[in-house]
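>>> sequence-free structure coming up:
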C-alpha cells in the first residue's frame, strides 16, 4: 500500500476523493506577476524545468496586471488556489498592503518578491537580498569595507542596500531620479544620496557598481544610456547589472570600456529562485539546478553570467 501511495504522489495524483470517489489529480500552480514584462521573464522556463526535475506535477505561468488592478490580482491568488507567486517590477512595494503577513526581512526591506499562500493567508518574503548576496559570492567579491554605488530606488535597490549594509560595506551611495526616495533609502543605512544626472561626466569612486534600475538598453532610456556612457569608474572591481537578456547592454559596454569585470542578473535570479522554491514547496534544490535550468539562449545572451575582461582601465 505504501509503495502504491508513493507512486501516486510522484505522479501528482491523490488516490481518494471523498466528494466523488474518483481519483483526483492535484496540481501545484505558481505564477509571476508584473506588467507586460511578465512575458519576457525567464522565470516561467526556469521554474517549469525545476518542477519537472523534482517530479512535481505543476505549472508556473506569467500574469500581466495593470497597476490599478494589483490589489484584485493579489486577492485572487486565494480563489485561484495559486500556491505561490513571484512579484517583480513594478509591484514589489505595491503588493504589501494586500498581504496578511510579512517576513521579518520583507518588513525591514520594504519590498516583496515572493508570496506563499497557506489556505487564505498570504505571506510576503524577500529573497532578492539573499540572491544578490549569493551572486556576489559567486563572483568572489567581498563587500566588507568596500565602497558601493547603487543605481535605483525601487524594490530591487532596497534589497541590495539592505544586504550590502548587513555585509558591512564601507560607503553606500544611492543614485536615483527621485530626490526624496533617494535620500530616504540612503539614510536607512547611513549612506549618501546622489541625484542621478548630477553624476554626468564625473568619475565614480566605488569598488562595486550595481544597477538596480529596470533599465539596461538604449531603447529603454536613451538618457540613462548617455549618462552611464559618460561615467568613469577608476576604482571599480565589479559592475553588476541585475537585469539580463539585453543584446546591447550599456552597463556591460561601460564595463568593457573601463576594463571592469561584469556580471548580469542571471545568477541573482537563479539564487533567489532557489529560496522562493523552497518556501513554496519545502524542497531544497541545489543552486546549480536553477542555473542549468536557464536555457542555452539565455546563457548565451548573459555571456555565461560573468565576464572578466582583459582590457586595462582607461
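Received the coordinates, thanks. Since this is a predicted model, take the numbers as computed values, not measurements. Numbering: from 1, shown residues only.

>>> what about the helices in this protein?
Along the chain, counting by DSSP state H, helices occupy 2-10, 43-54, 70-79, 104-109, 128-138, 155-166, 179-188, 222-230, 250-258, 266-281, 287-293, 296-301.

>>> right, and the ones you listed - which one's nearest residue 200?
helix 222-230 (5.5 Å; Cβ to Cβ). C-beta: built from backbone N, CA, C; applies to glycine.

>>> quick one on the thing from earlier: now render the helices of the chain as CSV, adding mean pLDDT.
Listed next are the helices of the chain as CSV, based on pLDDT from 0 to 100:
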stretch, mean pLDDT
helix 2-10, 34
helix 43-54, 96
helix 70-79, 98
helix 104-109, 98
helix 128-138, 98
helix 155-166, 98
helix 179-188, 97
helix 222-230, 97
helix 250-258, 96
helix 266-281, 97
helix 287-293, 94
helix 296-301, 43
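
>>> Take the ones you listed and write them to a markdown table, including mean neighbour count and distance to residue 147.
Formatted as a markdown table, the helices of the chain follow (neighbours: other Cβ atoms under 10 Å; distance: least, Cβ to Cβ, whole Å):
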| stretch | mean neighbour count | distance to residue 147 |
| --- | --- | --- |
| helix 2-10 | 11 | 51 |
| helix 43-54 | 18 | 32 |
| helix 70-79 | 16 | 36 |
| helix 104-109 | 18 | 21 |
| helix 128-138 | 23 | 14 |
| helix 155-166 | 24 | 10 |
| helix 179-188 | 17 | 13 |
| helix 222-230 | 16 | 18 |
| helix 250-258 | 21 | 16 |
| helix 266-281 | 24 | 20 |
| helix 287-293 | 18 | 28 |
| helix 296-301 | 13 | 30 |
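
>>> Select, out of those, the one closest to residue 212.
helix 155-166 (3.8 Å).

>>> Just want the angle from that closest one to helix 128-138.
On the basis of axes from the mean of the first three to the mean of the last three Cα atoms, to 10 degrees, helix 155-166 is oriented at 60 degrees to helix 128-138.

>>> Who are the packing partners of helix 155-166?
helix 104-109, helix 128-138, strand 148-151, strand 172-176, helix 179-188 (3 or more Cβ pairs under 8 Å, 6 or more residues apart in numbering; DSSP states H and E).

>>> can I get the helices of the chain in CSV with distance to residue 205?
Shown next, in CSV, are those (distance: least, Cβ to Cβ, whole Å):
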stretch, distance to residue 205
helix 2-10, 56
helix 43-54, 35
helix 70-79, 39
helix 104-109, 27
helix 128-138, 19
helix 155-166, 16
helix 179-188, 16
helix 222-230, 15
helix 250-258, 13
helix 266-281, 24
helix 287-293, 33
helix 296-301, 31
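
>>> Ok, which of those comes nearest residue 197?
helix 222-230 (6.3 Å).

>>> tell me what that closest one is packed against?
Packed on helix 222-230, when contacts are counted by 3+ Cβ pairs under 8 Å, 6+ apart, are helix 250-258.

>>> what about the helix it packs on, distance to the chain center?
22 Å (Cα atoms, centre = their mean, to the nearest Å).

>>> and what of stretch 175-187?
21 Å.

>>> right, and the helices of the chain - which one's nearest residue 122?
Nearest to residue 122, of all the helices of the chain, is helix 70-79, at 6.3 Å by Cβ to Cβ.

>>> thinking again about what came up before, with distance to residue 194 added, can I get the helices and strands packed on helix 155-166 in JSON lines?
What follows is those, written out as JSON lines (distance: least, Cβ to Cβ, whole Å):
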{"stretch": "helix 104-109", "distance to residue 194": "21"}
{"stretch": "helix 128-138", "distance to residue 194": "20"}
{"stretch": "strand 148-151", "distance to residue 194": "8"}
{"stretch": "strand 172-176", "distance to residue 194": "4"}
{"stretch": "helix 179-188", "distance to residue 194": "7"}
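
>>> Appreciated, that's everything.
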